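In: Quick check, what structure comes out for this input:
(chains A, B, C, D and E, ligands or ions: 4)
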Amino acid sequence: MRALLRGLVTLAVLIAGWQALVWATGLPRYLLPGPLAVADAMQRQAPLLWSHGLTTLTEILIGLVAGVALGGVSALLLARFRAARRWLMPLLLVSQAIPVFALAPLLVLWLGYGMASKIAMAVLVIYFPVTTALFDGLRRTDPGWLDLARTMGASPAAILWNIRLPAALPAFWSGVRVAAAVAPIGAVIGEWVGSSSGLGYLMLHANARMQIDLLFAAVLVLGLFAVTLYAAVDAVARRALPWQPDTQPAEDANP
Amino acid sequence: MRALLRGLVTLAVLIAGWQALVWATGLPRYLLPGPLAVADAMQRQAPLLWSHGLTTLTEILIGLVAGVALGGVSALLLARFRAARRWLMPLLLVSQAIPVFALAPLLVLWLGYGMASKIAMAVLVIYFPVTTALFDGLRRTDPGWLDLARTMGASPAAILWNIRLPAALPAFWSGVRVAAAVAPIGAVIGEWVGSSSGLGYLMLHANARMQIDLLFAAVLVLGLFAVTLYAAVDAVARRALPWQPDTQPAEDANP
Amino acid sequence: MLAAMTAPMPATPPLSVTVSRARLTYGGTLLFSDLTLDLPAGRTTCLLGPSGVGKTTLLRILAGLAEPEPPTCVTTGDGQPLAGRIAYMAQQDLLLPWLTILDNVLLGDRLRHRRPDSGRVERARALLDRVGLAGRERDRPAALSGGQRQRVALARTLMEDKPLVLMDEPFSALDAITRLRLQETAAETLAGRTVLMVTHDPLEALRIGDHLHVMTGRPAVMGPALEPSGPVPRRVDDPGLLALQAELLRRLAE
Amino acid sequence: MLAAMTAPMPATPPLSVTVSRARLTYGGTLLFSDLTLDLPAGRTTCLLGPSGVGKTTLLRILAGLAEPEPPTCVTTGDGQPLAGRIAYMAQQDLLLPWLTILDNVLLGDRLRHRRPDSGRVERARALLDRVGLAGRERDRPAALSGGQRQRVALARTLMEDKPLVLMDEPFSALDAITRLRLQETAAETLAGRTVLMVTHDPLEALRIGDHLHVMTGRPAVMGPALEPSGPVPRRVDDPGLLALQAELLRRLAE
Amino acid sequence: QDKLSVMLDWFVNPDHAPLVVAQEKGFFKDAGLEVMLTAPADPNDPPKLVAAGGTDLAVSYQPQLILQVAEGLPLVRVGTLVSTPLNSVVVLRDGPVKTLKDLKGRKIGFSIAGFEDALLGAMLEKHGLSLKDVELVNVNFSLSPSLLSGQVDAVVGAFRNFELNQLEIEKHPGRAFYPEEEGVPPYDELILVAHKAKANDPRVKRFLAAVERATLYILNHPEESQAAFVKGRPELNDELNRRAWADTLPRFSHSPAALDAERYSRFAEFLKARGLIKEVAPVDRYAVVVK
Ligand SMILES: Nc1ncnc2c1ncn2[C@@H]1O[C@H](COP(=O)(O)OP(=O)(O)OP(=O)(O)O)[C@@H](O)[C@H]1O
Ligand SMILES: Nc1ncnc2c1ncn2[C@@H]1O[C@H](COP(=O)(O)OP(=O)(O)OP(=O)(O)O)[C@@H](O)[C@H]1O
Ligand SMILES: [Mg+2]
Ligand SMILES: [Mg+2]
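Out: Residues are numbered from 1 along each chain as shown, chains lettered A, B, ... in the order given. Ligands and ions are numbered 1, 2, ... in the order given. Sure, this is the predicted structure:
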């Protein structure tokens, strides 16, 4: 209840700050619309935002699950096999540096115009933070535990599974948190790859037509997705790691 | 020496894999050019790639430094002040979900078409992984150390600086590694938004002219930046954390 | 050497501390209730008791690290709060792996924003020498054996010039000979301070403790103080002490 | 109860192990060279020595965890390599914080891909009961006191049915009474196995050790074996033992 | 019903009216076609996908087609959608630039299309300037905003039926300089391209006939077609699109299948003169009248 109230206050202050920015900079509507204009657009175009938002949300969720799964498996492979470290790692790095439009026609050709190509792009964006975070975590196991496991006659696979992986879970969830925050933009980038629905489509469309209030309304919906997703992942992470204390001190000085 | 050799072998295999992909899929040159065509373009257009690459590299490096610095400071603020956690965090999340082109006109308006707006884009891309990684690290300090520091009469600031920050450095460097890999695409996105040089500009241009071999040559240079940067950051991280053992087992089974 | 090492007399007069009517439950289990412990000013109190009885928890309450339940009350002889007047040596060594051993010993100064001056560094070096780690100042904790790590933690605790010193099994990882030497070092360095030390070794308690308490049972009760006579460190072959040892063991076995 | 607990006799005959001509340097410092230690089959060997002399390092060489230099050589009575025939209890408890206490005790089975059957689980529960932790099976290690953690580590080591058992200060965090009880438990459970135990407590060594070695100096040398007579666990008030204790302390102080 | 996939050059806008109206009014269905219209985010993708067989037809531009064919893409023009140039150089009407001469030393924004330097170069040369006298900046999606916010003094690549209206709605009316009036040979802005091997696909002929029917329908019934156009696309029902609709109407090709080969070769010669292609291919290699 109090958390909700606090959230509302936060929101109010953010919106006030936004309005203040609009006033202070005197930016015209087509560069930075005020919150009122955006709220109006949101209300007018609610059904549009809703239907496109649903498409994007589906892509985000599938992309997140697939990206996290793929990233997790990749990190495990990297940690387990030297060969994977040698061949997969550079590939993975280069994959991060390839701009969408170089890949877009290929993706469309292979995956069609449907959701698959958008999800693939979202996965590409999510994949890397998860993989790196988990792999780095897997590389930082307490040596004492590894020694113990070795004297117990554990195979490398058993050590990975029973010791290194659980010990790396906090790092993994940290990566998933990043993934949750970037998943929406991943899906939007995916929608650049040729689509006829989704918030990314709506945004490009609104942008091309200078319906900047609609553009920002869509951005707002997307931001809402990001915040909600992050909060959800954060909650899941806390629940998944009961043994990992959050030592962020509760009491706090004033800035 | 042997590392170099191994790197070369890796490269050779990757290129062979690429060629194999081209053959296997039978994709035409203007969708996926083969390594030979790209190498040829690279050689023919070396001066062009060089000069545009230099622009992009400068943007990447400045963006990386600024993004990591900004992310580091943000994470420290988040860890230190509850107010920052309340106000900064949602802002930060939403900032991740705003697609470039919504921000681009504003950025360009404020920062011009020069390097500043591209660096700002790179920073925006880098910022979040670094902030989240460090902040998550700061939240996971060994409670024993915190207790010890508290009995020693340490102020929250002193604890943050002397205990929580050093303990979070492995997580921080994990975030910087991600940042290094995504920094190139950050700079390229900045160049899409408005530019008259840089690899992103060159790519758009080559794409519009259907010089796909040149486009892929530019992608390759960008990939090279990503790999080099990642390797450099990895080396720095190892040097910066001599007390943090890398427990990745050296010996390895074959897959 | 000894002159340099004998602690500067605490700036403040010795402090007596009492924790009274302490009560604490962990997830439904009552650890203790109505537990009272007196720490006479300037004396060393030793606390013994079976593993898991709540000794560490009691120390943490005194150190302000555990949240006891009402009506727990910690009072000091001078009426001032305890915060900032404690040196605490936990059961784990809690060395910071990224600091050298010397810097670990100087951690308190760093944390209080005080740049250690050459006098403090000198003292830290001398303490490290006293605990047998001269020449290892620049090593990292990872290069130390278990006992060496504990000795660094001891040096770090002795560096803190605090009127109340809480030590949780400070010598548990040391061999008999080193242990005897360090008991003396600690007793000298901490002379005039109020000390509460948890130990599992009755002889150790008898050697350097002024007041010995045995804590037993669940909920735990605090036994009455045993007070061996004579100045510390006492000789352990004293027959009076051996009688007391038997008494201690009897109470522990209860 | 006792019947259930007495370990199933090791499937293999007792194993004798010898580490000979061991040599190891850490960053330029010669820890030991030409060090030899015999572990007679089915007997308990105790290793004492000042803190930092290299006891843990020697244990790690036997466990295959440290890389000794030539001409170090570890030989077994049956000529087979040692790998996979060792139970190792390190100086730190090394409990996995995400596993319950019961699962920590069953860790060896998990790591060897063996789903612990009900017999194994029963044995783990019985061992936890023997070390005084009945009823805590489902707790996480974070909820345990230091001594309780050490007891879980002991139970985990006793769960491993291995011919060679290496224990590094297994009772250091326990009070005198619990320690006596667990020494007996360990001695019973490990009867017939070859055991090497590092300890700082001469009486403990005398109570349950068949061969006692003191390791001293840098580079370290291994003293000749002391062999107290009589079946383990011995009564510590035996005057013969007290004489041996004096001898041990003398050697330690060298 | 034969399936036919058509990729637009960009998101649906009034330039695509004949296609959308033909779809909505069932003209394609009448022609025995089931047409799927898709929009890319990058106008450069559709020709590639046609060439790779990912789609049957694509909406593209005549200048790009010539460049693409020169790069070896197996494409042919099979129809024309908009038969005049739409591209123009736009400045703010109350700004300092009154004639192209005034562009000297100024910043010009463009959205990279591949031939703007040729277009602009020709226009500038007519006024005694050259590309060296101006500074070109890629502004990508933000043609109007960059002009409105004063970041650039002119933009090239602005569509006369679109950006001009956009500026007017924002109360900063623009001034357009038309390439075909400033030394650039006229060309077809929007064309339909197919894979070389599929130029004579019978579906294409039927498709073009339906498009022709829709074009004439739009001319005859502007109101009804407008209603059909925004049906199911509420985001297109705003001031800007209504104005753009009106301005685009007269520019649709009245006979989409017809080809003026002479016009194509004239433009190819122009591109060669500007150095964008090395040699001029015979027109029948890349533009056909579907039989
Ligand atoms: N976080 C916790 N949650 C639940 N129970 C706890 C927690 N911390 C400690 N306990 C329980 O409280 C009791 C007292 O613990 P404490 O650490 O004070 O024991 P101790 O007397 O110091 O024992 P030792 O000699 O083994 O160190 C133990 O039984 C322990 O299991
Ligand atoms: N990684 C390392 N790098 C350098 N020196 C090391 C390292 N590990 C151990 N040493 C040194 O080796 C010596 C022996 O250590 P070891 O842990 O074997 O001692 P120990 O006999 O077990 O002592 P304790 O009784 O204190 O546990 C110590 O002096 C220690 O400082
Ligand atoms: Mg304790
Ligand atoms: Mg040791």
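In: Which one of the residues in the stretch 101-250 of chain A is closest to ligand 1?
Out: residue A:245 (9.9 Å; CB to the nearest ligand atom). The way it works is simple: take the backbone N, C-alpha and C, and place the C-beta from them, glycine included.
In: so when I look at residue A:28, I'm seeing a strand, right?
Out: No: counting by DSSP: H, G, I helix; E, B strand; the rest coil, residue A:28 is not part of a strand but coil.
In: My read is that it contacts residue E:144, right?
Out: No: under the criterion of CB atoms under 8 Å, residue A:28 is not in contact with residue E:144, lying 11.2 Å apart.
In: neighbour-wise, which of the two wins?
Out: residue E:144 (27 against 16; other CB atoms under 10 Å in any protein chain shown).
In: Next, work out how far apart that one and ligand 4 are.
Out: In this view, residue E:144 and ligand 4 are 75 Å apart by CB to the ion, to the nearest Å.
In: Which strand or helix spans that residue?
Out: Per DSSP states H and E, residue E:144 falls inside helix E:143-148.
In: Check residue E:79 too.
Out: Assigned by DSSP H and E, residue E:79 falls within strand E:75-82.
In: Could you identify the helix or strand that succeeds that strand?
Out: strand E:87-92.
In: helices and strands around that following strand, which ones?
Out: Packing partners of strand E:87-92 (3 or more CB pairs under 8 Å, 6 or more residues apart in numbering or on different chains; DSSP states H and E): helix E:116-125, helix E:143-148, strand E:154-159, helix E:163-169, strand E:174-177.
In: Need the residues that contact it.
Out: E:97, E:100, E:108, E:119-120, E:123, E:143, E:147-148, E:153-160, E:163-164, E:167, E:172-179, E:182, E:189 (CB atoms under 8 Å, 6 or more residues apart in numbering or on different chains).
In: show me the contacts for residue A:67.
Out: So residue A:67 contacts A:122, A:123, A:124, A:125, A:126, A:127, A:130, A:179, A:183, A:186 (CB under 8 Å, 6+ apart).
In: so which of the residues you listed would you say is closest to residue B:212?
Out: The shortest approach to residue B:212 among these belongs to residue A:124, at 19.7 Å (CB to CB).
In: Apart from its chain neighbours, what residue comes closest to that closest one?
Out: Once flanking residues are discounted, residue A:124 sits nearest to residue A:95: 6.6 Å by CB to CB, 6 or more residues apart in numbering or on different chains.
In: could you point out which element follows the helix or strand encompassing the one you found?
Out: Residue A:95 is located in helix A:82-97, with elements delineated by DSSP H and E. For helix A:82-97, the following helix or strand on the C-terminal side (DSSP H and E) is helix A:100-111.
In: re earlier: closest one of the contacts of residue A:67 to residue E:76?
Out: Closest approach between the contacts of residue A:67 and residue E:76, by CB to CB: residue A:124, at 34.4 Å.
In: Now whichever strand or helix holds the closest one: buried residues?
Out: Using DSSP H and E, residue A:124 maps to helix A:115-138. By neighbour count on 16 or more other CB atoms under 10 Å in any protein chain shown, the buried set for helix A:115-138 is A:115, A:117-138.
In: just how off-centre is the longest helix seen in chain E within its chain?
Out: Looking across chain E with DSSP state H, the single longest helix is helix E:202-220. Chain-centre distance of helix E:202-220: 18 Å, with CA atoms, centre = their mean, to the nearest Å.
In: Show the contacting residues for the residue in the stretch 1-150 of chain E that chain C sits nearest to.
Out: Among the residues of the stretch 1-150 of chain E, residue E:140 lies nearest to chain C; the distance is 46.4 Å by CB to the nearest CB. Contacts for residue E:140 (CB under 8 Å, 6+ apart) come out as B:101, B:104, B:192, B:193, B:194, B:204, E:111, E:112.
In: per-residue confidence at it?
Out: At residue E:140, the model reports a pLDDT of 74.
In: Name the helix or strand of the chain that has the lowest mean pLDDT.
Out: You didn't say which chain, so I picked chain A. Lowest by mean pLDDT, DSSP states H and E among the helices and strands of chain A is helix A:100-111, with a mean of 75.
In: if you could check chain C rather than the one you did, that'd help
Out: The weakest-scoring helix or strand in chain C, judged by mean pLDDT, DSSP H and E, is helix C:2-5 (a mean of 42).
In: is the helix or strand just after that one anywhere near chain B?
Out: The helix or strand immediately downstream of helix C:2-5 is strand C:17-26, counting by DSSP H and E. No: on the criterion CB under 8 Å from any CB of the partner chain, strand C:17-26 is out of touch with chain B, staying 14.1 Å away.
In: how about strand C:17-26, does it reach chain A?
Out: No: with CB under 8 Å from any CB as the criterion, chain A is not reached by strand C:17-26; the gap is at least 15.3 Å.
In: After that strand, which helix or strand is next?
Out: Proceeding N to C from strand C:17-26, the next assigned helix or strand is strand C:29-39, under DSSP H and E.
In: Could I get the pLDDT score of the residue in chain E that ligand 3 sits nearest to?
Out: Nearest residue of chain E to ligand 3 (CB to the ion) works out as residue E:41 at 63.9 Å. Turning to residue E:41, the model gives it a pLDDT of 71.
In: For it, what are phi and psi?
Out: When quoted as degrees, to the nearest 10, the phi and psi of residue E:41 stand at phi -100, psi -20.
In: What about the residue nearest to it when sequence neighbours are not counted, how many residues nearby?
Out: Of all residues not flanking residue E:41 in the chain, residue A:192 sits nearest, at 3.7 Å (CB to CB, 6+ apart). Residue A:192 has 23 neighbours, counted by other CB under 10 Å.
In: Quick one: residues contacting residue A:192.
Out: Contacts of residue A:192 by CB under 8 Å, 6+ apart are A:100, A:101, A:104, A:121, A:200, A:204, E:41, E:42.
In: ok, the residue of the stretch 101-250 of chain E found nearest ligand 1 - contacts?
Out: Closest contact between the stretch 101-250 of chain E and ligand 1, by CB to the nearest ligand atom, is at residue E:141 (56.5 Å). With contacts defined as CB under 8 Å, 6+ apart, the neighbours of residue E:141 are A:204, A:207, A:208, B:101, B:104, E:111.
In: is it true that it lies in a strand?
Out: No: assigned with three-state DSSP, residue E:141 falls outside any strand and is coil.
In: next one: phi and psi at it?
Out: Phi and psi for residue E:141, reported as degrees, to the nearest 10, are phi -80, psi -10.
In: coming back round to it: next, work out how far apart the residue of the stretch 1-150 of chain E closest to chain C and residue E:64 are.
Out: To residue E:64, residue E:140 is 17 Å away according to CB to CB, to the nearest Å.
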